[in-house]
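Student: 3D, please:
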Amino acid sequence: MSLPPLVEPAPELTVDEVRRYSRHLIIPDVGMDGQKRLKNAKVLCVGAGGLGSPALMYLAAAGVGTLGIVEFDEVDESNLQRQVIHSQADIGRSKAESARDTVLGINPYVNVVLHEGRLEADNVMEIFSQYDLIVDGTDNFATRYLVNDACVLLNKPYVWGSIYRFDGQASVFWSEHGPCYRCLYPEPPPPGMVPSCAEGGVLGVLCASIGSIQVTEAIKVLTGTGDPLVGRLMIYDALEMTYRQVKVRKDPNCAVCGPNPTVTELIDYEAFCGVVSDEAQEAAAGSTITPKQLKEWIDDGENIDIIDVREPNEYEIVSIPGARLIPKDGFLMGGALQDLPQDKKIVLHCKTGVRSAEVLAVLKSAGFSDAVHVGGGVIGWVNQIEPDKPVY
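Tutor: The predicted structure follows:
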């Protein structure tokens, strides 16, 4: 689907800009007109992490005139495997500030605007209204639905990307010309069903593959060049080195972009997506202990069975002393229940406490009424008890 250019061209390019963008200018489909449109464009990147890193760097190099960055986090050492916009010297710094400095190092002609803080329902409309196009680099479902609904309500196009382990997806959602994210995914997956990159991992270079697709699509939409991924989902399998496309049609019953929408204003997206299921929240109420409490039980020789419900590769990185590994799926399928002792108190833990709360709900329903889980998981244990151990 060929679409008209999203933005008008800037009045002119300076001599220095002509030199800088000469390889764009000699492409007939971009040329002087397209480069002027990029100069006049205002693009917002939601996140300066795995996808935001290559997106921001290539948008800057391409000559997008104004780049906004929404980011609340600080640079952590575990980010550096894939978030190439940050360096070793940036550990502990604001990701937004680190990203800004790298962008300006690539292209000093870019105007960088920082929005430091979480993107939420009470600020998203005001932030998005300042930009022509949004690049979504988020890694959680609540923010993805927030971005989508805000873009539909503001009639803004946005470029979406998603990564996990060796797999990536990308598309352009623009309700005026095609489907939105809710047309593809009307409902979020059940809590705990889809692990995050922090739980399941991601191949670092996959971020560059999907991030570069996002920037390519952004340039096409801004300049009116080519056939953007509106109504198409690009799926990339890095292990097989294959790309395939799936057509995505506008859902006539879509809750936000359909002819009779039921979502006409922003909602509570954390509640909509459910970070933890209702069953897990109910199970965890009154059955959550702290890492310090667990340490006291271990030191006092309490009759407990500490069970780690993470995956084997996570267990190899760091573990709580005395914990034995039974991955979460074993409990969800039911087979692991027979391995639990009846004469010991069961203490569950995972990385942060989300997966262990889901398993706790299974155990409670199976009759292990005195089972508990560790709030904060192994990350909380390392931070409070064994700070010399690695975290991931």
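Student: From now on I want contacts and neighbour counts done on CA atoms only, so please keep to that.
Tutor: OK.
Student: Can you name every helix or strand that the helix-or-strand element of the chain with minimal mean pLDDT contacts?
Tutor: Ranked by mean pLDDT, DSSP states H and E, the helix or strand of the chain with the weakest confidence is helix 197-200, at a mean of 72. Counting contacts by 3 or more Cα pairs under 8 Å, 6 or more residues apart in numbering; DSSP states H and E, helix 197-200 packs against strand 158-164.
Student: How far does the strand it packs on sit from its chain's centre?
Tutor: Remark: strand 158-164 is offset 8 Å from the chain centroid, using Cα atoms, centre = their mean, to the nearest Å.
Student: before we move on, what about stretch 5-17?
Tutor: On Cα atoms, centre = their mean, the centre of stretch 5-17 falls 32 Å from that of its chain.
Student: likewise stretch 134-142?
Tutor: 5 Å.
Student: Check the average confidence over it, would you?
Tutor: Averaged over stretch 134-142, pLDDT sits at 94.
Student: That one: which residues count as buried?
Tutor: Going by neighbour count (16 or more other Cα atoms under 10 Å), the buried part of stretch 134-142 is 134-139, 141-142.
Student: Now, the residues you listed that are in strands?
Tutor: 134-136 (DSSP state E).
Student: neighbouring contacts of the host helix or strand of Met32?
Tutor: Per DSSP states H and E, Met32 falls inside helix 31-40. For helix 31-40, contacts defined as Cα atoms under 8 Å, 6 or more residues apart in numbering pick out 7-13, 21, 24-25, 62-66, 219, 222-223.
Student: What about the residues you listed, which are in strands?
Tutor: Those of those lying in strands (DSSP E): Thr66.
Student: Show me which of the contacts of helix 31-40 are buried.
Tutor: 7-10, 13, 21, 24-25, 62-66, 219, 222-223.
Student: Ser369 belongs to a helix, doesn't it?
Tutor: No: counting by DSSP: H, G, I helix; E, B strand; the rest coil, Ser369 is not found in a helix; it is coil.
Student: can you pull the contacts of it?
Tutor: Leu363.
Student: ok, it to Pro291 distance?
Tutor: According to Cα to Cα, to the nearest Å, Ser369 stands 20 Å off from Pro291.
Student: Show me the strands in the chain, by range?
Tutor: 42-46, 66-71, 111-116, 133-136, 158-164, 167-173, 232-237, 242-247, 288-289, 304-308, 324-325, 345-349, 372-374.
Student: Serialize the ones you listed to JSON lines and add fields for distance to Glu77.
Tutor: Output for the strands of the chain, formatted as JSON lines (distance: least, Cα to Cα, whole Å):
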{"stretch": "strand 42-46", "distance to Glu77": "21"}
{"stretch": "strand 66-71", "distance to Glu77": "17"}
{"stretch": "strand 111-116", "distance to Glu77": "20"}
{"stretch": "strand 133-136", "distance to Glu77": "23"}
{"stretch": "strand 158-164", "distance to Glu77": "19"}
{"stretch": "strand 167-173", "distance to Glu77": "23"}
{"stretch": "strand 232-237", "distance to Glu77": "27"}
{"stretch": "strand 242-247", "distance to Glu77": "31"}
{"stretch": "strand 288-289", "distance to Glu77": "28"}
{"stretch": "strand 304-308", "distance to Glu77": "24"}
{"stretch": "strand 324-325", "distance to Glu77": "26"}
{"stretch": "strand 345-349", "distance to Glu77": "24"}
{"stretch": "strand 372-374", "distance to Glu77": "25"}
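Student: Highest mean neighbour count out of these?
Tutor: Ranked by mean neighbour count, the strands of the chain are led by strand 372-374 with a mean of 28 (mean count of other Cα atoms under 10 Å).
Student: Against which helices or strands is that one packed?
Tutor: The elements that strand 372-374 packs onto, with contact taken as 3+ Cα pairs under 8 Å, 6+ apart, are strand 288-289, strand 345-349, helix 354-365.
Student: right, and the ones you listed - which one's nearest Val215?
Tutor: Closest approach to Val215 among the helices and strands packed on strand 372-374 (Cα to Cα): helix 354-365, 33.3 Å.
Student: Can you pull out the low-pLDDT segments for the stretch 251-392 of the chain?
Tutor: Low-confidence segments of the stretch 251-392 of the chain (pLDDT under 70): 274-275.
Student: which residue of the protein sits farthest from its center?
Tutor: Asp343 (41.9 Å; Cα atoms, centre = their mean).
Student: that older thread, including distance to Asp227, could the helices and strands packed on strand 372-374 go into TSV?
Tutor: Below are those laid out as TSV (distance: least, Cα to Cα, whole Å):
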stretch	distance to Asp227
strand 288-289	52
strand 345-349	48
helix 354-365	41
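Student: Relative to Gly52, which of the ones you listed is closest?
Tutor: Of the helices and strands packed on strand 372-374, nearest to Gly52 by Cα to Cα is helix 354-365, at 25.5 Å.
Student: Distance from the closest one to the middle of the chain?
Tutor: 25 Å.
Student: Kindly report the same for stretch 118-138.
Tutor: 15 Å.
Student: Now do the buried residues in it.
Tutor: Neighbour-count burial for stretch 118-138 [16+ other Cα under 10 Å]: 119, 121, 124-125, 128, 131-138.
Student: ok, residues contacting it?
Tutor: Contact with stretch 118-138 is made by 6-7, 41-52, 55, 70-72, 143-144, 146-147, 150-151, 154, 156-162, 214, 218, 222, 266-268, as judged by Cα under 8 Å, 6+ apart.
Student: Mind doing that once more with 6 Å?
Tutor: Stretch 118-138 has contacts (Cα atoms under 6 Å, 6 or more residues apart in numbering) with 42-47, 51-52, 72, 157-160.
Student: what's the straight distance from one end of that stretch to the other?
Tutor: For stretch 118-138, the first-to-last residue distance is 11 Å (Cα to Cα).
Student: Give me the nearest residue to Tyr145, chain neighbours excluded.
Tutor: Tyr269 (7.0 Å; Cα to Cα, 6 or more residues apart in numbering).
Student: what about Thr290, neighbour count?
Tutor: Residues lying near Thr290 (other Cα atoms under 10 Å) number 16.
Student: Tell me the confidence at Met193?
Tutor: Reported pLDDT for Met193: 62.
Student: for this protein, longest helix please?
Tutor: With DSSP state H setting the assignment, residue counts place helix 204-223 as the longest helix in the chain.
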